[in-house]
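Participant: I'll drop the sequence and a predicted model, then ask my questions.
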Amino acid sequence: MTFTRRATSTVLGLSFIGFAAGASAQTKWDLPSAYPATNFHTENLVQFAKDVDAATGGKLKITVHANASLFKANEIKRAVQSGQAQAGEVLLVNFENENPIYGADGIPFLATSYAEARKLATAQKPVLEKLLGGQGMKVLFTVPWPPQGIYVNKEIGSVAEMRGLKWRAYSPATAKIAELVGAQPVTIQAAELSQALATGVINSYMSSGSTGYDTKTYESIKYWYDTQAWLPKNAIIVNQKAFAALDATTQAAVLKAAAEAETRGWKISQEKNEWYSKALADKGMKIMKPSPKLMGDLKQVGSIMLADWEKKAGADGTAVISAFRKN
């Protein structure tokens, strides 16, 4: 081989090695979510992914999979834990049966405003991080849903009038409410809600204005009681090994983008709360103020559920509630 050909081969070989190294330096993450692409939580996730991409110069690419297209809502946590997905968005209250701590923000009338929800999130955070850390995961950020109200196909003035309703249960807490008020719980996840309403599988459920608008609940149900019962949080979790595999600079970029996404998400949730209420009214839904009797009955339900939760949650639960009430 001549010197020229040998030199050319060497240059080409080095170029290929350089290209391969560059290609292998890019990391790709999947981030499954259970909610529609147009939901504010999903839009916030997409912005988070864009921010990470920009901050890392394309070294870390995060693909958001909306509307339970990659994993169903109740499968996402396990997928992240097992490494099938590097990150994911979960509704914490869905996993209360696994550990009561996940259900802290699903206790009716414990935290009923954004300020109280923030206090509860702060109180819950260290216990939640320890719990997920023991399962090989890490919390990147959390964002609350707007306050929860009751969607129902008739006017109600007391809990007694809820007896026999076909009630959507998407978490242990919402199933417990059904049990306490005498409704029939039916397990329906977010992606299946529109069909369940349209086919009459359910005729009532408790959720935010966001869920009602996204699922076009106004086409099947005409009443929404603005009870402001609780503000459940979505948590964006990451597989600890996947996070540890990133270099320090990329880790820092992810954590910075996560902190910004949390601040942005809380702000958008609060802004959207009023917008959703107006949007539902514009679609013909009657936004109802619950009667004192209905609220009194529901708060009794909340008291029963709090006592039950504290009993199951033990010392960790006591620590969360004590910290919440001190702040």
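Facilitator: Done, it's in. All of these numbers come straight from a predicted model, not from anything done at the bench.
Participant: contacts, neighbours, all on C-alpha from now
Facilitator: Fine.
Participant: Which residues are in contact with Met285?
Facilitator: 218, 221-224 (C-alpha atoms under 8 Å, 6 or more residues apart in numbering).
Participant: now the residue nearest the centre of the chain, nearest residue through space, not along the chain?
Facilitator: What sits nearest the mean C-alpha location of the chain, by C-alpha atoms, centre = their mean, is Asn234, with 2.1 Å. Excluding the flanking residues, the one nearest Asn234 by C-alpha to C-alpha, 6 or more residues apart in numbering is Leu91, at 4.4 Å.
Participant: ok, Glu43 to Leu165 distance?
Facilitator: 33 Å (C-alpha to C-alpha, to the nearest Å).
Participant: Between these two, point out the one with more neighbours.
Facilitator: It is Leu165, of Glu43 and Leu165, that has more neighbours when counted by other C-alpha atoms under 10 Å, with 20 against 17.
Participant: Leu197 versus the more buried one, what's the distance?
Facilitator: For Leu165, the distance to Leu197 - C-alpha to C-alpha - is 13 Å.
Participant: Same question for Val301.
Facilitator: 25 Å.
Participant: again, but for Ala25
Facilitator: For Ala25, the distance to Leu197 equals 47 Å [C-alpha to C-alpha].
Participant: next one: Pro232
Facilitator: 22 Å.
Participant: Compare neighbour counts for the two and give me the winner.
Facilitator: More crowded of Pro232 and Leu197, by other C-alpha under 10 Å: Pro232, with 27 against 22.
Participant: Which residue is the nearest non-sequential neighbour of the more buried one?
Facilitator: Using C-alpha to C-alpha, 6+ apart, the nearest residue to Pro232 is Asp105, at 5.1 Å.
Participant: One more: Lys299?
Facilitator: That would be Phe109: by C-alpha to C-alpha, 6+ apart, it lies 6.4 Å from Lys299.
Participant: Confirm for me that the one you found is in contact with Ile304.
Facilitator: No - in this structure, Phe109 is not within contact of Ile304 by C-alpha atoms under 8 Å, at 11.0 Å.
Participant: In terms of packing, which of those two has more residues around it?
Facilitator: Taking neighbours as other C-alpha under 10 Å, Phe109 and Ile304 compare with Phe109 leading, 23 against 15.
Participant: which stretch of helix or strand covers the more buried one?
Facilitator: Per DSSP states H and E: Phe109 is located in neither a helix nor a strand.
Participant: before we move on, what about Pro185?
Facilitator: strand 184-187.
Participant: next structured bit after that strand?
Facilitator: Next along the chain after strand 184-187, taking DSSP H and E as the criterion, comes helix 193-198.
Participant: buried stuff in stretch 150-163?
Facilitator: For stretch 150-163, a neighbour-count test (16 or more other C-alpha atoms under 10 Å) marks 150-153, 155-156, 158-159, 162-163 as buried.
Participant: Please compute how far it lies from its chain's middle.
Facilitator: Mean-position distance between stretch 150-163 and its chain equals 27 Å (C-alpha atoms, centre = their mean, to the nearest Å).
Participant: What sits closest to Gln189 if chain neighbours are left out?
Facilitator: Tyr170 (5.7 Å).
Participant: For the one you found, give me its contacts.
Facilitator: 94, 187-190.
Participant: Next: Leu180.
Facilitator: Per C-alpha under 8 Å, 6+ apart, neighbours of Leu180: Val301.
Participant: Also Ile177?
Facilitator: Per C-alpha under 8 Å, 6+ apart, neighbours of Ile177: Val301.
Participant: Within the helices and strands, which one has it?
Facilitator: Per DSSP H and E: helix 172-181 holds Ile177.
Participant: do Thr112 as well
Facilitator: Going by DSSP H and E, Thr112 is not part of any helix or strand.
Participant: same deal with the one 5 residues further on?
Facilitator: Secondary structure assigned from DSSP H and E places Ala117 in helix 114-133.
Participant: Ok, Ala323 next?
Facilitator: Assigned by DSSP H and E, Ala323 falls in helix 292-326.
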